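1. How does the following fold in three dimensions:
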Amino acid sequence: MRRSLPNWLPLLFLTLLATATDEFVIVGVLRTIAADLEVSVPAAGQLVTVFAVVYALGAPTLAVVFERFPKRTVMVAGLLVFVLANAAAALAPGYWELMAARVLAALAAAVVTSAAFTTAAMGAPEGMRGRYLGVATAGMTAALFTGVPLGTWLGGAFGWRATFWLIAAVGAVAALGLLATAPRIGGSEPAPLRERLAPLRNTAVLRLVTVTFLAASGGLMFYTYLAAYTAEVAGGSHGLLSLMLLTVGIAGLLGAVLAGRAADALGPRRSLRLVVGGHALALALAAALLSSGIGDPVVMGAVIAFWAVFAWGLNPPVQGSIMGAAGPRAAMTALALNICGLYLGTGVAGALGGAVIGLAGIGWVPVAATALMTFSFLLTPRAVPGKRAGDSSEPQPAGA
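-> Predicted structure coming up:
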């Protein structure tokens, strides 16, 4: 008999939708913020950079601190801080007050995200971990074409402060819902700091984090400069770019869900190799399309959709693999370390892609991205021989 998903899982989706929207939504109201606070646009842009850096560094650091607390308590408390931080951003009288609010929101989001993914993985019934992680991941993906555009529109219609009030409201709804429905998943038993830092010495975990870092660097390099790629292939227009971004969002959402199902059916390691290998192939197709001279928007849309399915399908299998390598006692710390790899890769993607364009032109961006994705595929571990597909994610001791 088919089991229905629990009512707390959509709340995890909503939680991750709010935290992901908070990171990227400011891009859509950047000029408005700069004008209102009387700073330059590049200075306003640092509100995005600081959020990403604090998030990346805060996730593994704070996970070590909060690993031993019940996950529902961590999520609800973290969301309350997240709500207060966004309210403070909405009320900020100046640039530095807004920057401080962004730092606090990033720290809270880092804790909440790690605890949410841990809850999705450990609260899933046997054989459904990948599906649960896929639903949670879909919340981050959906932010690209629901939360971010909605927040941008709201900021344009009612001022940039309204955007932060919206995020605070969504965070409050998620906190109340999780307080009432989230499963009781306890924290790890008290242990010395050396044991809680075991994922930092676990070569299997570090290898998977490197896979994530390289995949994020390659895939998000292509996404960051998608506008330039679209213009180069098909002449480009604002309407065409909007359509391509919508295509990325829909295909990415589908990819997150399908990757979760694949992780359950094939095992996380086999599905991870499938996703990373497919991602490398998709980027190679994007590079080939650019050099072929084919400027048909339909063909370009098909290639971009194919790429987005694999690009946003990474999280469920890589997180399932990391859970298996780290074991349940260090799960939150290990997943937070993976989030750190993801966000550091995001930062590298923009910088490296800009350097590639400056040296060789937009045509070499998908080539460089393909190279990074190929390295990621070569590092992706194979499934354990002799085990059925679903057994490759069985928890191992934290120091395995």
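2. shaky segments in this protein?
-> The model of the chain has pLDDT under 70 over residues 1-3, 27, 145, 187-199, 236-238, 328-329, 383-400.
3. Which parts of it belong to which domain?
-> Following automatic domain parsing, one gets these domains for the chain: 1-187, 198-383.
4. Same list (the ones you listed) but as a markdown table, adding mean neighbour count.
-> The way it works is simple: take the backbone N, C-alpha and C, and place the C-beta from them, glycine included. Formatted as a markdown table, the domains of the chain follow (neighbours: other CB atoms under 10 Å):
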| stretch | mean neighbour count |
| --- | --- |
| domain 1-187 | 20 |
| domain 198-383 | 21 |
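5. what sits up against the helix or strand hosting A174?
-> Per DSSP states H and E, A174 falls inside helix 160-181. Residues outside helix 160-181 that contact it (CB atoms under 8 Å, 6 or more residues apart in numbering): 6-8, 11-12, 14-15, 17-18, 21-22, 25-26, 28-29, 32-33, 36, 72, 75-76, 79-80, 82-84, 86-87, 89-91, 147, 150-152, 154-155.
6. quick one: it to chain centroid distance?
-> 19 Å (CA atoms, centre = their mean, to the nearest Å).
7. How about stretch 35-48?
-> Computed by CA atoms, centre = their mean, the chain-centroid distance of stretch 35-48 equals 24 Å.
8. First-to-last residue distance for that stretch?
-> End-to-end distance of stretch 35-48: 16 Å, with CA to CA, to the nearest Å as the criterion.
9. What of stretch 302-321?
-> Start and end residues of stretch 302-321 are separated by 30 Å (CA to CA).
10. and it, how far out from the chain's middle?
-> With CA atoms, centre = their mean as the basis, stretch 302-321 stands 11 Å off its chain's centre.
11. what's the answer for stretch 256-270, then?
-> Chain-centre distance of stretch 256-270: 17 Å, with CA atoms, centre = their mean.
12. what about the closest residue to V233 other than its chain neighbours, distance to L258?
-> Of all residues not flanking V233 in the chain, M300 sits nearest, at 5.0 Å (CB to CB, 6 or more residues apart in numbering). Noted for M300: a distance of 22 Å to L258, by CB to CB, to the nearest Å.
13. now swap in A351 and tell me
-> 31 Å.
14. For V209, give its distance to A124.
-> 22 Å.
15. circling back: the contacts of helix 160-181 in helices, which ones?
-> Among those, the ones falling in helices (DSSP state H) are 11-12, 14-15, 17-18, 21-22, 32-33, 36, 72, 75-76, 79-80, 82-84, 86-87, 89-91, 150-152, 154-155.
16. Tell me which residue lies farthest from the centre of this structure.
-> G293 (32.9 Å; CA atoms, centre = their mean).
17. Alpha carbons of stretch 211-218, as CSV, please.
-> Taking Å, rounded to 0.1, in the frame of the first residue of the first chain, the C-alpha atoms of stretch 211-218 are listed here in CSV:
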residue,chain,number,x,y,z
VAL,A,211,31.9,16.3,-5.0
THR,A,212,29.3,18.9,-4.0
PHE,A,213,31.8,21.8,-4.1
LEU,A,214,32.9,20.9,-7.7
ALA,A,215,29.3,20.3,-8.9
ALA,A,216,28.2,23.6,-7.4
SER,A,217,31.1,25.4,-8.9
GLY,A,218,30.4,24.0,-12.4
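18. which residues are in contact with that stretch?
-> With CB under 8 Å, 6+ apart, stretch 211-218 has contacts from 272, 276, 279-280, 283, 314, 318, 338, 341-346, 348-349, 352, 368-373, 375-376, 379-380.
19. Stretch 121-128 too?
-> 3, 6, 8, 71, 129, 131-133, 183, 185, 264, 319-320, 323, 328, 331, 335, 390.
20. Now with 10 Å, please.
-> Stretch 121-128 has contacts (CB atoms under 10 Å, 6 or more residues apart in numbering) with 3, 5-6, 8-9, 12, 71-72, 129-136, 182-186, 260-261, 263-265, 316, 319-320, 322-324, 328, 331-332, 335, 390, 393, 395.
21. now swap in stretch 94-103 and tell me
-> By CB under 10 Å, 6+ apart, the surrounding residues in contact with stretch 94-103 are 22-23, 26, 33-34, 36-39, 43-44, 46-51, 53-55, 58, 84-92, 160-161, 164.
22. can you check stretch 34-50 too?
-> Defining contact as CB under 10 Å, 6+ apart, one finds that stretch 34-50 is touched by 23-27, 29-33, 53, 89, 92-103, 106, 159-161, 347, 350.
23. Endpoints of it, how far apart?
-> 16 Å.
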